[in-house]
Every structure is written in structure tokens, then in C-alpha cells.
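*Asks:* below is the structure, and that's it, no one-letter string:
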């Protein structure tokens with residue numbers, strides 16, 4: 001009698017484990033099917049993020065990292081680039097120049113009249 005009860009109990013445990021594995025596998029398939037573009041894929045389109053308001057605030061860091069990659073003054077470049085990006089929501093393409101594509105970024109000046117954004 002006790003042996004039959006133990007077999008039923010183990011059978012139930014095995015069935016429960018199989019059901020749990022099925023649920024976890026199904027959940028994994030749902031998450032795996034969602035396509036989330038990486039930062040590299042977003043940079044493939046050259047004009048993405050270069051027009052005012054076309055970036056989201058969380059995208060400023062990677063864009064400014066690209067913009068400031070050629071300078072030897074990375075810390076100030078990143079600081080001002082991220083400040084400008086958070087206000088304008090755009091970063092010009094390349095490591096230098098091209099500011100005409102983002103007027104807000106281009107027209108923001110220091111107290112002395114120099115460019116604020118790198």
C-alpha cells in the first residue's frame with residue numbers, strides 16, 4: 001500500500017516537473033521571438049538620430065560615444081555632447097563637423113559665443 005502511494009507521488013512530481021519545463025520553454029520562445037535592435041543596428045542608418053528630436057534620451061550615450069571617439073578630450077566631449085543631446089535629442093553624424101543637420105546642436109553657444117556642443 002505504501003509502495004503504491006509512493007509511486008503515485010513520484011508520478012505526480014514527474015508530471016509537475018514536465019509541466020513546469022513546458023511552461024518555461026514556451027516562455028523562452030516568446031521572449032526569443034521579440035526582436036530588439038542593438039545599438040550597432042541603429043547606427044547602420046546614417047541619418048538616424050541626426051535630426052532634432054529623433055533620438056530617445058537613453059540613446060544619447062552611445063551616440064556621444066561615437067561622436068567623441070576621435071578626441072583626446074573624451075570626458076569633456078562626452079559631458080557636453082550628452083548635455084546637448086538631452087536638450088536637442090540629436091547628435092550630428094561623424095566625429096567632427098556635420099552640425100548643420102541638427103540646428104539646435106549647432107546653434108547652442110557658450111557665453112563667449114563659441115560652440116557649446118562638440
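*Replies:* Great, that's in hand. Being a predicted model, the structure only gives us computed values, none of them experimental. Numbering: from 1, shown residues only.
*Asks:* drop to CA atoms for contacts and neighbour counts, all remaining ones
*Replies:* Will do.
*Asks:* now residue 25: which helix or strand?
*Replies:* Using DSSP states H and E, residue 25 sits in helix 2-33.
*Asks:* do you know the pLDDT at residue 2?
*Replies:* pLDDT recorded at residue 2 is 64.
*Asks:* one more: residue 112?
*Replies:* Residue 112 is given a pLDDT of 93.
*Asks:* am I right that it is in a strand?
*Replies:* No: assessed by DSSP: H, G, I helix; E, B strand; the rest coil, residue 112 does not belong to a strand; its assignment is coil.
*Asks:* tally of neighbours for it?
*Replies:* Residue 112: 7 surrounding residues under other CA atoms under 10 Å.
*Asks:* look up phi and psi at it.
*Replies:* Torsion angles at residue 112 (phi, psi; degrees, to the nearest 10) stand at phi -80, psi -10.
*Asks:* got the contact list for it?
*Replies:* Residue 112 makes no contacts at all, as judged by CA atoms under 8 Å, 6 or more residues apart in numbering.
*Asks:* please name the nearest non-neighbouring residue to residue 95.
*Replies:* If the residues on either side of it in the chain are set aside, residue 95 comes closest to residue 67, at 4.4 Å by CA to CA, 6 or more residues apart in numbering.
*Asks:* ok, residue 103 next?
*Replies:* Computed as CA to CA, 6+ apart, the closest residue to residue 103 that is not its neighbour in sequence is residue 52, at 7.3 Å.
*Asks:* could you list the low-pLDDT ranges of this structure?
*Replies:* 1-9, 11, 13, 16-17, 19-20, 22-24, 26, 28-51 (pLDDT under 70).
*Asks:* same thing but 90
*Replies:* For the chain, the stretches with pLDDT under 90 are 1-57, 96-97, 101-106.
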